[in-house]
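> The sequence and its predicted three-dimensional model are supplied below.
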Amino acid sequence: MQTSVASPAGAPAAPQPPPGRKRRSSGGIGGRSTWFLLLPSLLPVVLFSVYPLLNGIWLGFTDAKAGFDVQYRFNGLENYRQLFQDNLFWQSFKIGLIWAFSVTILQFLLALGLALLLNAGLRLQWLVRPLALVPWAMPSVIVAILWKLIYAPDGGILNAALQGLNITDRNINWLGDFSMALPAVIVVGVWAGMPQTTIALLAGLQNVSADLHEAAALDGAGAWTRFRTVTWPAIRPVVVAITSLDFVWNFNSFGLVYVLTEGGPGGRTMLPMLFAYNAAFQSGNFGYASALGNAMVVVVLAIMGVYLWRQMRQSQ
Amino acid sequence: MTRTRIARSSLMLGSTAAALTLLAGCVSGSGSGSGGESPAPSSLAADQKVSLTFSTYAFQDATVKATEDIVASWNAANPNIQVTVQKVDPNSVHDKLVTQFAGKQAPDIIHDEAADIAGFSRQGNLADLSSLIPADLKQQVPQSVWDSVTYGGKITAVPTIAQVYTVFANTDLLKAAGVAVPTADAPWTWDAMHANANKLTKGGTSGFAWGLKSPTAGIMSTSLGFDGTFVTGDEAKPKISITDKELAVPSLLRKMLQDKSMAADSTSLSGTDTLKGFYAGKYAMVMAGNYVATQIQEEAPDGFNWTMLPLLKGTNQHQASNPQTLSVARQSKYPAQAAQFIAYYMQAKNLAAIAQGDSLIPVTKPAADLVAKNVGDANGWPAMLAAADQLVDAPWNKADQFPDWKENYATPAYQKFLAGEIDEAGLTKELTDGWKS
Amino acid sequence: MSIVSEQLSTGKQAGRTPAAPRRRNWLRLWGRFGQYVALVGYIVFLGFPLLWLLSTAFKSPQELAKLTPTLFPVDWTTENFRIAFEQTQLPQALLNSLIVAASTAVVTTVIAMPAAYALARLRSVVRTVSVGWILVSQIFPFILIVIPVFVLLNNLGLLNTLTGLVVVYVVWALPFTLWMLMGYVSAIPKELEEAAAMDGASKLNILARVVFPLLLPGIVATGMFAFISAWNEFFFALVIITDPAKETAPLLLARYVGAEGSVNLGPLAATALLTTLPSLLIFSIAQRKLVAGIMSGSVKG
């Protein structure tokens, strides 16, 4: 705390270098130094990430299958021809999009609210700050089990609470009901992802200029106007970064839902990643599973592209 | 027993991995060495030390302890063949093995279950133990159980302990309703169970409950009691056939759900989630794997009286043989020594300790006798131990496409059927079409 | 610290209120009230599962098997903690997790920081390629990457080592670390750097004295991301680690979950609580660092 107080955040009047050494470049950076800055990250990526990733993508164009001494070969677009006719996959793809969009949007709205509250200098901070991190601190194994207990139709606390408050008079089968299961797992998904979004936004809020806020307030701007004109533009890059990351992560997640419902009932919570996992680890269709992965990359990348492009245009 | 994540056979990315290794331009490191036809029992110098790895998913405290004891006593008696234990949770065995086989780093001795090793066997990742199993051990296990671990003529695993689906009954509630507990000589038929469930259904009590969140394993296994074999023909590529025999169990369940003698909620619970309602008298009888007996003993309230009933009878009392197993990786350098350890593990005293910890049925006669002596005739155990004779080979477990069909078609179809979304014709269609696709 | 900043801000408001019209005063009061209501809502939503975990950890097996659950144990028992301490290599596993997670967080942020700055301020094909790689690596199902990574680690002799685990986690955390840090760098107005440059500050100086302090909350947040992703990771740990002495906490916890969803609930809850508390503590400290910026912000204002 001491150190951060001492460091004049944002104060441009940092100690001056010897005079007379004026730099040409201001915002941009030159070629050689760029590579120098990139090198430490580039090394592990090239060594450990590029190869497995390219390999995974490549397998999507082969007939790789499980087997001890089975050879596999390039089969062009055969996997994709099959994929287009795979109704089960597209059904799960639809579920995956509903899941990813709902979770990401809800997560963002709730986390933004929480981050603003945490930044507003209220009492009870000592309690809320650590609580905001609970979903993170709790091991994922236990997250799913706890929520299963909460949702349980027999002896579940949620049903007990709702009945105690006279909201319902019967046990609701949250995870087993055909129409209730997806919303129920979405709530868990939102809960589990709250910390990352809250923390990211809270960090973003630290650089919102207090001066501007002050000035706007003196001009008589209401809270909403101040948020829109001062806070939002300042945190916008962070918002874009975290929402896009959340979306990708949510689309990619399946562990939580797997433990909660195993994709059931009747396939209502079968996320596409779960589908790809089944194809690879269960059925041994490694080539086909990779093709599913590639298809997901293309679609999600397209969604991201549109989103990022629009954000970039709006910010200009 | 059927584990949530594991009850899937198949997969091996062996070829992929081999090719990957080439692509990576790296030479495979040391480790367990690469595969090849299972070598003849190695002739080792008398003083050469061999170390074996043994991965186990034992998770009940008593079973973990029993496993550790077996390994410790083996290591003490065999200074030249040392076994080290690797632990894995029951829901991750399959995933870990898939990766380990692909990377040629599988443990020498592998604890898994029959349904799961079907795929590994077919893909040639497990050693053929036919010639390594001692003759007396061969005789102690029923042939029908050996059949369930024989793939394409090769025995790739030694069966250890098995489960059956059985009815647990609250004996106080049965007494109050004037329902007599059946004996092993005169077991209930499914219809008798239905009739008695009706008698037991009153007030807040449902006569019967079955945690069918993952419905496929339980329904298919019990369908064998009506001779429902689901598939016919070739071992690896059979044809599916859904007849009245295969529909008998689900139809009966549907009837019970309709007349409320079976609790509707229970169909979406997992196998052990019905127990709370069982203790509380909400369910008079629950169907579950007999292994839940351990859990009941641990957590049932004092004074709760219960028993396991003899297996329900359709046209017979058959259920699917899907025992836990011990296998040897084909890439192991010391299959003979590994088989020696397995034989030691299978000794009556050892296997009995393992079985009792898990409340499962040892598949060898001597171990079953020992367990019988230890547990006496409380809670219906004698009938359970006799059930080993009712275990028959489940042909679908050996079909290539079974794991895929089970996950993507059978499970959703049964869930929809039990929830009343589709009828018998719809179920038949989804099961059949799914197999063909 | 939060209290200090709170006093600062409320003090400021108090100073202004007399001048404000009465209606606005009421409005502000209602606003505050609404904020507290929302805060309580968050407390319940976020905290309830923790409370439930706590309560579960102190219940006996018989009580956990009851059909009508109670919020608090009727008979408190510490038996579950006895089992948790007695039967597991929990301390070792927690230590392993801590080593792996902390190494991952430090290594990742240190190597990602310069790269993120370069990428955020750069407009060239390098940036496009990097962004593309970041996104693809996060979208492509990681499950399909596990086996090639396993083979790679095997060839390098890194299987069954914590080092191997750290290597995997660093590579895995790098994309999102870069991504988030790029966002934070972009949020820093270029004008600040340009002003410093006008004043004759060297590039390195600008980075160290202008960019870094402003980036600090973002770095802390991102470091926490990397930490937690390593702390909670299960699948890679599952396949890479075989020696029980090198197991991380998630592997240990998974073994409390048996077949068909049967769970040794009491001891699992106790163990989970013991795992949750240290990480919660670490996070709370890190978070203090993160919101330390509020302080400098209000000082500035």
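Perfect, thanks for sending it. Numbering: from 1, shown residues only, chains lettered A, B, ... in the order given.

> can you map out the helices along the stretch 1-150 of chain C?
Using DSSP state H, counting those that start in this stretch, the helices assigned to the stretch 1-150 of chain C run over residues C:2-16, C:22-57, C:61-64, C:79-87, C:90-121, C:125-139, C:146-155.

> does chain B sit close to the longest one?
No. Contact check for helix C:22-57 against chain B, using Cβ under 8 Å from any Cβ of the partner chain: none in range, with a minimum separation of 13.3 Å. C-beta here means a position set from N, CA and C on the backbone, and glycine is covered the same way.

> Up against chain C, what does the stretch 101-250 of chain B have?
B:Ala102, B:Gly103, B:Lys104, B:Gln105, B:Pro107, B:Gly211, B:Lys213, B:Ser214.

> What about those, which are in helices?
Residues of those located in helices (DSSP state H): B:Ala102.

> any weak-confidence spans in the chain?
All of this refers to chain A. A:1-31, A:67-70, A:315-316 (pLDDT under 70).

> wrong one, I was asking about chain C
Using pLDDT under 70, chain C drops low at C:1-24, C:87-88, C:259-261, C:291-301.

> Let's check: the centremost residue of it is which one?
For chain C, C:Met224 is the residue whose C-alpha lies nearest the centre (Cα atoms, centre = their mean; 3.8 Å).

> looking at it, it is touching C:Ala105, isn't it?
Yes. Taking Cβ atoms under 8 Å as the definition, C:Met224 is a contact partner of C:Ala105 at 7.4 Å.

> Quickly check the residues of the stretch 101-250 of chain B next to chain C for the two that are furthest apart.
B:Lys104 and B:Gly211 (38.9 Å; Cβ to Cβ).

> Out of the two, name the residue with the larger neighbour count.
B:Gly211 (27 against 22; other Cβ atoms under 10 Å in any protein chain shown).

> Would you reformat the residues of the stretch 101-250 of chain B next to chain C as CSV and include pLDDT?
Below are those laid out as CSV (pLDDT from 0 to 100):
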residue, pLDDT
B:Ala102, 83
B:Gly103, 82
B:Lys104, 84
B:Gln105, 89
B:Pro107, 96
B:Gly211, 93
B:Lys213, 89
B:Ser214, 89
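
> Please pick the buried ones from the residues of the stretch 101-250 of chain B next to chain C.
B:Ala102, B:Gly103, B:Lys104, B:Gln105, B:Pro107, B:Gly211, B:Lys213, B:Ser214 (16 or more other Cβ atoms under 10 Å in any protein chain shown).

> Export these to JSON lines and append columns for distance to chain A.
As requested, those are exported to JSON lines (distance: Cβ to the nearest Cβ, whole Å):
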{"residue": "B:Ala102", "distance to chain A": "9"}
{"residue": "B:Gly103", "distance to chain A": "13"}
{"residue": "B:Lys104", "distance to chain A": "10"}
{"residue": "B:Gln105", "distance to chain A": "15"}
{"residue": "B:Pro107", "distance to chain A": "17"}
{"residue": "B:Gly211", "distance to chain A": "10"}
{"residue": "B:Lys213", "distance to chain A": "7"}
{"residue": "B:Ser214", "distance to chain A": "7"}
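
> okay, now B:Val167: neighbour count?
Neighbours of B:Val167 using other Cβ under 10 Å come to 24.

> ok so, going back, right, so of the helices of the stretch 1-150 of chain C, which gets closest to A:Gly156?
Counting by Cβ to Cβ, A:Gly156 lies closest to helix C:22-57 out of the helices of the stretch 1-150 of chain C; the figure is 10.5 Å.

> what about the closest one, near chain A?
Yes. Helix C:22-57 reaches chain A (Cβ under 8 Å from any Cβ) through C:31-32, C:35-36, C:38-39, C:42-43, C:45-50, C:52-53, C:56.

> Measure how that helix sits relative to helix C:79-87, angle-wise.
60 degrees (axes from the mean of the first three to the mean of the last three Cα atoms, to 10 degrees).

> Show me what helix C:22-57 is packed up against.
Judged by 3 or more Cβ pairs under 8 Å, 6 or more residues apart in numbering or on different chains; DSSP states H and E, the packing partners of helix C:22-57 are helix A:87-118, helix A:125-132, helix A:134-137, helix A:140-151, helix A:181-205, helix C:265-300.

> any weak-confidence spans in chain B?
For chain B, the ranges with pLDDT under 70 are B:1-47.

> Quickly find the element holding A:Asp207.
Small correction: residue A:207 is Asn, not Asp. When elements are assigned from DSSP states H and E, A:Asn207 belongs to no helix and no strand.

> surely it meets A:Arg236?
No. A:Asn207 is beyond contact range of A:Arg236, at 11.5 Å (criterion: Cβ under 8 Å).

> tell me which parts of the stretch 101-250 of chain A are close to chain B?
Checking the stretch 101-250 of chain A against chain B by Cβ under 8 Å from any Cβ, the hits are A:Ala152, A:Pro153, A:Asp154, A:Gly155, A:Asn171, A:Asn173, A:Leu175, A:Gly176, A:Asp177, A:Phe178.

> my guess is the first one contacts B:Asp273, does it?
When you say that, I think you mean A:Ala152. Yes. If you go by Cβ under 8 Å, A:Ala152 and B:Asp273 touch, sitting 6.7 Å apart.

> When these two are compared, which one has more neighbours?
More neighbours surround B:Asp273 than the other of A:Ala152 and B:Asp273, with 27 against 24 (other Cβ under 10 Å).

> For the residue nearest the centre of chain A, what are phi and psi?
In chain A, the centroid-proximal residue (Cα atoms, centre = their mean) is A:Asp246; its distance is 1.5 Å. Main-chain torsions, A:Asp246, degrees, to the nearest 10: phi -60, psi -40.

> swap in B:Lys213?
Backbone torsions for B:Lys213, taken as degrees, to the nearest 10, come to phi -60, psi -40.

> how close does the nearest residue to it once chain neighbours are set aside get to C:Gly200?
Among residues not flanking B:Lys213 along the chain, B:Ser270 sits closest, at 4.5 Å (Cβ to Cβ, 6 or more residues apart in numbering or on different chains). Distance, B:Ser270 to C:Gly200, using Cβ to Cβ, to the nearest Å: 69 Å.

> helix or strand for the residue nearest to B:Lys213, which one?
Per DSSP H and E, B:Ser270 falls between elements, in no helix or strand.

> wait, doesn't it sit right on B:Ala217?
No. Applying Cβ under 8 Å as the test, B:Ser270 and B:Ala217 come out as separate, 11.8 Å apart.

> Just give the number of residues close to B:Asn80.
13.

> Check C:Leu90 too.
If we define neighbours as other Cβ under 10 Å, then C:Leu90 has 18 of them.

> Identify the residues contacting the closest residue to C:Ile83 other than its chain neighbours.
Of all residues beyond its chain neighbours, the one nearest C:Ile83 is C:Pro267 (4.3 Å), with distances taken as Cβ to Cβ, 6+ apart. Neighbour list for C:Pro267: C:Asn80, C:Ile83, C:Ala84, C:Gln87, C:Tyr256 [criterion: Cβ atoms under 8 Å, 6 or more residues apart in numbering or on different chains].

> now do 10 Å
Contacts for C:Pro267 (Cβ atoms under 10 Å, 6 or more residues apart in numbering or on different chains) come out as B:61, C:57, C:61, C:79-88, C:256.

> Next: C:Ser55.
A:Ile157, C:Glu63, C:Leu64, C:Pro69, C:Thr70, C:Leu71, C:Phe72, C:Pro73, C:Trp76, C:Ala269.
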